[in-house]
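Engineer: Requesting a structural model of the entry that follows:
(2 chains)
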There are 2 protein chains.
Amino acid sequence: MKMKKFINAPENLAQELLEGLVAAYPKKVKLEEGKIVVRANPKPEDKVAVVTLGGAGHEPALSGFVGYGMLDASVVGDIFAAPNAVALLAGLRKFKRDAGILLVVLNHAGDVMSANMAMKMAEREGIKVKSVLVADDISAGVDTPTADRRGLAGCIPLFKVAGAAAEEGKSLDEVLAVAEKFNARIATLAVAMTGCTHPQTGQPITELGDDEMEIGMGQHGEGGGGRSKILTADETAKIMFGDLSKAVSLKSGEKIFLAMNGVGATTPMELAIVFRAVKKLAQESGVEVVGGIIDEMLTVQEMAGFQMIVCVLDEQSEKYLAAKSNAPYWTEIGE
Amino acid sequence: MKMKKFINAPENLAQELLEGLVAAYPKKVKLEEGKIVVRANPKPEDKVAVVTLGGAGHEPALSGFVGYGMLDASVVGDIFAAPNAVALLAGLRKFKRDAGILLVVLNHAGDVMSANMAMKMAEREGIKVKSVLVADDISAGVDTPTADRRGLAGCIPLFKVAGAAAEEGKSLDEVLAVAEKFNARIATLAVAMTGCTHPQTGQPITELGDDEMEIGMGQHGEGGGGRSKILTADETAKIMFGDLSKAVSLKSGEKIFLAMNGVGATTPMELAIVFRAVKKLAQESGVEVVGGIIDEMLTVQEMAGFQMIVCVLDEQSEKYLAAKSNAPYWTEIGE
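Structural biologist: Got it, this is the predicted structure:
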């Protein structure tokens, strides 16, 4: 079967999509050489810069979250492939400043390797940079050590919280502390109904049976262990929210931010139906859902499925999540 | 093959999805009886209300565009089915005011019938309401009479422009005039790569061959006449933008707003690549793309494809498009 995608030459995919993305939002973002997406109006140098890195093919993530109140820059690799350390270093150099840089790294081998090498090289050049590792995937079990958890779409609310703290003028150590505190209580679980096609090779990156779904599948088709027959929205919500609640030790009286991130073919209709079910479950446990997002934020090509993200809030993170941002793909949760 | 969707009982789909949608954005929208989505903070009564109606299953449209600066209410039917006239009348009653109501109607038989009947009944009750018909689909040919053109996602920038005019305090006739003027130069063309499944019946609403695409397919699988082998992003952009340019009589020196509306499985990656191609074509014709949107705004379940929307701007509509809105699924195009 011929791959059904609107593309041109496979080798130019990442560059072309980034050119298109910034072309749609010229007042917000622009593209610099080396596949680095930056704000159209840079943040003042006396504030901490928040930078991330990652492969392409997951749009609008990560570059769609560059903007006031969120990221200063996203350093982009190729499809499903992290940028190399030299490319990332070029990105960090742009934000050399006394206030420093917070680098948000998603826990995938390629990203972590590039980040570690680039940070060492940056240090030698006198660039002040600290990092936070997002490892929100709980598919390997709620007690898995952080090193074995993948970084999923929980990075996006983290960008928001760290970005708002940076915008407020907090120091690098303070922004890092805010990010780490929030990060400690983010958990994400993915579910897939279909596989998808690698847009450069036309090959499937994973396959599922006609009547199967898989809870826990990673965003490159990595196994999740939770393969089952297709369940209803309510049943799926119950299993996933149950696991997520345990992972973040959610207690009655706490407040959460809840996001349903569609990864491709799953409709906003379905995401909304699952959101409704989870909100009911939360209420039954005495947990307040103070706001949420139902949207495609981090996609996996045309895969059917979604990532459910639970973030436990305190007064500070609730305020930061509701703060202003003009990033093209962030939905403000305030009035 | 079993339908691969996260749903519960098919008969409750529309109600459940609306409950979920408003649950995610409680500070922005709420759901009233009769499947009517309204703003959480109503617009003052001395301003014109902007209301629309339509079937469900196309989320986030139409209800996702209720909010400050856009719609006051969306009256929702069942999956792919307009609300009946009595339901719509109930919606109009909520906005009875001296300033009046602008009803935005998408050109589909069911919607038009409900709108016409409800408006007659409303008039008898002393409710002041005027309507504007969105018929932006040019698939039947650029010279087709309005009556034969379907209403597609061009309604969304129209909500924005009419909504901003209403927010400014313009009279009903003035808001209508703004909407009609903008409406006269919106054109939309859809393209599909795959069919999709009706979420209540599990039946395909249309099918396409493994190597086929179809330019012009409507948002319920209606034929478009432009079936071909799969083309590249650049080739597809050239054909579609060529037809759209003719339809709106686009001239060198004019400014446009350009939107790529993903209808389901087509990735933001692809939409961005097509956006890039169209922006280049526009520039070559001396046309300025002042801003755009790359997003899923009006979906057709898990169909692969998109709708390309071209709106020719004047000073007024450019200002209104860039005005503030807090509707959950509108992306602000200003800084």
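
Engineer: in the stretch 151-300 of chain A, which spans are strands?
Structural biologist: A:186-192, A:196-197, A:204-206, A:212-215, A:226-229, A:255-262, A:288-295 (DSSP state E, counting those that start in this stretch).

Engineer: who does the third one touch, helix- and strand-wise?
Structural biologist: By that I understand strand A:204-206. Contacts defined by 3 or more Cβ pairs under 8 Å, 6 or more residues apart in numbering or on different chains; DSSP states H and E place strand A:204-206 against strand A:196-197. All C-beta atoms are positioned from the backbone trio N, CA, C, and that covers glycine.

Engineer: cool, and the fourth one?
Structural biologist: Taking 3+ Cβ pairs under 8 Å, 6+ apart as the contact definition, the neighbouring helices and strands of strand A:212-215 are strand A:186-192, strand A:226-229, helix A:233-247.

Engineer: If you count neighbours, what's buried in the second one?
Structural biologist: Of the residues in strand A:226-229, those buried under the neighbour-count criterion (16 or more other Cβ atoms under 10 Å in any protein chain shown) are A:Gly226.

Engineer: could I get stretch A:72-79 in PDB with only the CA atoms?
Structural biologist: Taking C-alpha atoms only, stretch A:72-79 is exported to PDB below (Å, rounded to 0.1, in the frame of the first residue of the first chain):
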ATOM      1  CA  ASP A  72      12.500  30.400  24.100                       C
ATOM      2  CA  ALA A  73      13.700  27.900  21.500                       C
ATOM      3  CA  SER A  74      13.200  24.400  20.200                       C
ATOM      4  CA  VAL A  75      16.200  22.700  18.600                       C
ATOM      5  CA  VAL A  76      14.800  20.100  16.100                       C
ATOM      6  CA  GLY A  77      16.400  17.000  14.800                       C
ATOM      7  CA  ASP A  78      15.200  14.800  11.900                       C
ATOM      8  CA  ILE A  79      12.000  12.700  11.900                       C
END
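
Engineer: And the contacts of it?
Structural biologist: Contact with stretch A:72-79 is made by A:13-14, A:18, A:34-39, A:42-43, A:49-57, A:62-63, A:65-66, A:83-84, A:87-88, A:90-91, A:94-95, A:110, A:198-200, as judged by Cβ atoms under 8 Å, 6 or more residues apart in numbering or on different chains.

Engineer: which among the residues you listed end up buried?
Structural biologist: Looks like those have A:13-14, A:18, A:35-39, A:43, A:49-57, A:62-63, A:65-66, A:83-84, A:87-88, A:90-91, A:94-95, A:110, A:198-200 buried, using 16+ other Cβ under 10 Å.

Engineer: Filter those down to just the ones in strands.
Structural biologist: A:36-39, A:49-56 (DSSP state E).

Engineer: gap between stretch A:132-151 and the chain center?
Structural biologist: From the chain centre to the centre of stretch A:132-151 is a distance of 14 Å (Cα atoms, centre = their mean, to the nearest Å).

Engineer: Can you measure across that stretch, start residue to end residue?
Structural biologist: Stretch A:132-151 has an end-to-end distance of 11 Å (Cα to Cα, to the nearest Å).

Engineer: Could you check it and say which residues are buried?
Structural biologist: So for stretch A:132-151, counting by 16+ other Cβ under 10 Å, buried means A:132-140, A:149-151.

Engineer: Tell me which strands the helix or strand of chain A with the lowest mean pLDDT pairs with, and in which orientation.
Structural biologist: Every helix and strand of chain A was ranked by mean pLDDT, DSSP states H and E. The lowest is strand A:204-206, at a mean of 87. Strand A:204-206 sits in its sheet next to strand A:196-197 (antiparallel), going by DSSP bridges.

Engineer: quick check: mean pLDDT across the partner strand?
Structural biologist: Strand A:196-197 shows a mean pLDDT of 92.

Engineer: Residue of the stretch 51-200 of chain A nearest chain B, please.
Structural biologist: A:Glu59 (3.8 Å; Cβ to the nearest Cβ).

Engineer: and that residue, what is it in contact with?
Structural biologist: Contacts of A:Glu59 by Cβ under 8 Å, 6+ apart are A:17, A:21, A:299, B:267-269, B:272.

Engineer: if we go to 10 Å?
Structural biologist: The contact partners of A:Glu59, by Cβ atoms under 10 Å, 6 or more residues apart in numbering or on different chains, come to A:17-18, A:20-21, A:76, A:296-299, A:301, A:329, B:267-272, B:294.

Engineer: repeat for A:Gly225
Structural biologist: Contacts for A:Gly225 (Cβ under 10 Å, 6+ apart) come out as A:139-141, A:214-217.

Engineer: got a markdown table for these, with pLDDT too?
Structural biologist: Below are the contacts of A:Gly225 laid out as a markdown table (pLDDT from 0 to 100):
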| residue | pLDDT |
| --- | --- |
| A:Ser139 | 90 |
| A:Ala140 | 86 |
| A:Gly141 | 79 |
| A:Glu214 | 93 |
| A:Ile215 | 93 |
| A:Gly216 | 90 |
| A:Met217 | 83 |
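
Engineer: Distance to B:Ala177 added to these, as CSV?
Structural biologist: Listed next are those as CSV, based on distance: Cβ to Cβ, whole Å:
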residue, distance to B:Ala177
A:Ser139, 56
A:Ala140, 60
A:Gly141, 62
A:Glu214, 54
A:Ile215, 53
A:Gly216, 55
A:Met217, 52
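
Engineer: where does chain A have low pLDDT?
Structural biologist: Along chain A, segments meeting pLDDT under 70 span A:1.

Engineer: Domain parsing of it, as residue ranges.
Structural biologist: Split into domains by automatic domain parsing, chain A comes to A:10-183, A:186-322.

Engineer: and the residue of the stretch 1-150 of chain A found nearest chain B, what helix or strand is that in?
Structural biologist: Of all residues in the stretch 1-150 of chain A, A:Gly20 sits closest to chain B, at 3.3 Å by Cβ to the nearest Cβ. Assigned by DSSP states H and E, A:Gly20 belongs to helix A:13-24.
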